[in-house]
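[1] Predicted model follows, preceded by the sequence.
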Amino acid sequence: AVAQGTVRNLNVQVPNGFETITAEAVAVGTHAVVWADVTAAHPANLDAGFVTQFLADFESTILPRGRQIFGMESDQDDDGRIGLVFSPLTYQTSVAYFTRCDMEASNVCAASNGGEYLYLTPPATIPPPYNTPNAIKEILTHEASHLIHFNRKVLKNQLSSWNESSYMIEGVGAFAQDVV
């Protein structure tokens with residue numbers, strides 16, 4: 001497992017491709033690691049209390065309920081953890097996202113972090129009312145369902161692409177927000 005304080009480079013999607021950030025593991029749990037963008041040009045600036053509660057809620061409620069309803073996520077990097085990456089750059093693309101590029105070799109993907117990662121915008125970067133801890137956890141639930149769904153549909157079936165419509169995929173995410 002990654003130790004708290006570990007620093008690594010991660011690729012974050014931006015409108016014109018990917019940007020490499022420096023990320024620090026600011027909290028390590030049993031099933032997840034919270035990574036904060038510490039790049040000087042755009043640090044995440046996460047409150048320690050927020051990170052602690054966010055990780056606890058993810059591990060005690062969001063992930064167990066998501067697994068119960070949708071199944072297990074993959075573990076392509078064999079570390080047993082999902083990376084929760086907070087970077088202000090995420091907001092350039094969306095409030096949060098999941099990318100299949102992190103979990104499969106593909107000619108379509110310009111960059112990969114080689115594992116299970118979910119990308120989130122830090123609360124201070126999001127305008128109200130979507131910047132509250134509960135709103136961000138609801139968004140995380142949505143993105144975690146994509147991670148699990150991708151494993152169940154594509155990786156487990158060894159498919160070369162994710163052929164479902166974006167409406168269906170987003171519908172699963174919206175459903176996850178309600179049931180988880």
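    Received, thanks. Residues are numbered from 1 along each chain as shown.
[2] Check which residues of the helix or strand bottoming out on mean pLDDT in the chain are buried.
    Of all helical and strand segments in the chain, the minimum by mean pLDDT, DSSP states H and E falls on helix 166-179, at a mean of 89. Residues Ile169, Val172, Gly173, Ala176 are the ones in helix 166-179 that count as buried (16 or more other C-beta atoms under 10 Å). From N, CA and C alone the C-beta is placed, and that goes for glycine too.
[3] what about the residue nearest to the last one when sequence neighbours are not counted, neighbour count?
    The shortest distance from Ala176 to any non-neighbouring residue, by C-beta to C-beta, 6 or more residues apart in numbering, is to Ser145 (3.5 Å). When counting by other C-beta atoms under 10 Å, one arrives at 26 neighbours for Ser145.
[4] Spit out the contact partners of Ser145.
    Gly66, Phe70, Val172, Gly173, Phe175, Ala176, Val180 (C-beta atoms under 8 Å, 6 or more residues apart in numbering).
[5] just to revisit the earlier point, from the buried residues of helix 166-179, which single one is nearest Tyr117?
    Gly173 (16.3 Å; C-beta to C-beta).
[6] Distance of the closest one relative to Ile148?
    10 Å (C-beta to C-beta, to the nearest Å).
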